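Trainee: build me a model from this:
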Amino acid sequence: MKQPQCACGLPAKRCEVRKPGLKHPRGTVFFNCPNSLSDPLNKCEFWITEEEWIKRSKAAGRTATTAGKAERGAASKAEGAAAAKRIDDDLADELADALAMLRLLEQKITKLSARVAVRSDEGEVAARLG
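Mentor: Here you go, the predicted structure:
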């Protein structure tokens, strides 16, 4: 399995949990930003367990070696939050566009209904005169 890339664009470093914690037992394999120890000021907070990386890769219908950069970057909390905000913004834009189209359709329906009513009235008048 090829390692994921962190949000910095670097191959993530494969590590193993040495001190067991509440969330991850000793021996859990994970990936993190290679800058986490060498350059802590420039790290991207990327962190994902190997198990989760495999799940995400399979869920995307791709192997871990071809998973997309956006998916890899979304594993970090900051990247995930930013991606969620972009999706929310995109959905809000789509909703606004759909509502604008709905208003236009309502106006068109009103105009067409008025035209149909006029023609209907004209037809009734013509039938009475005829």
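
Trainee: need the longest helix for this structure.
Mentor: Using DSSP state H to define each element, the chain has its longest helix at helix 77-129.

Trainee: from the centroid of this protein, which residue is nearest?
Mentor: I87 (4.7 Å; Cα atoms, centre = their mean).

Trainee: how much space between that one and K58?
Mentor: Using Cβ to Cβ, to the nearest Å, I87 is found at 21 Å from K58. To be clear about C-beta, it is placed using only N, CA and C from the backbone, and glycine gets the same treatment.

Trainee: from E94, how far out is the residue nearest to the centre of the chain?
Mentor: Distance of I87 to E94, computed by Cβ to Cβ: 10 Å.

Trainee: now C33
Mentor: Using Cβ to Cβ, C33 is found at 33 Å from E94.

Trainee: then I48?
Mentor: Separation of I48 from E94 (Cβ to Cβ): 30 Å.

Trainee: and the two? which has more neighbours close in?
Mentor: Between I48 and E94, counting by other Cβ atoms under 10 Å, I48 is the more crowded of the two (20 against 10).

Trainee: so the more buried one, which of the three states?
Mentor: Following DSSP: H, G, I helix; E, B strand; the rest coil, I48 is assigned to strand.

Trainee: give the bridge partners for it, please.
Mentor: F31 (DSSP bridges).

Trainee: pretty sure it sits against P4.
Mentor: Yes: with contact defined as Cβ atoms under 8 Å, I48 and P4 form a contacting pair (6.7 Å).

Trainee: count of neighbours near C6?
Mentor: 27.

Trainee: ditto for E52
Mentor: Per other Cβ under 10 Å, the neighbour tally for E52 reads 13.

Trainee: what pLDDT is listed against it?
Mentor: We have a pLDDT of 90 for E52.

Trainee: and the residue nearest to the centre of the chain, how far is that from Q5?
Mentor: Distance from I87 to Q5, counting by Cβ to Cβ: 21 Å.

Trainee: any weak-confidence spans in this protein?
Mentor: Along the chain, segments meeting pLDDT under 70 span 1, 61-81, 83-84, 130.
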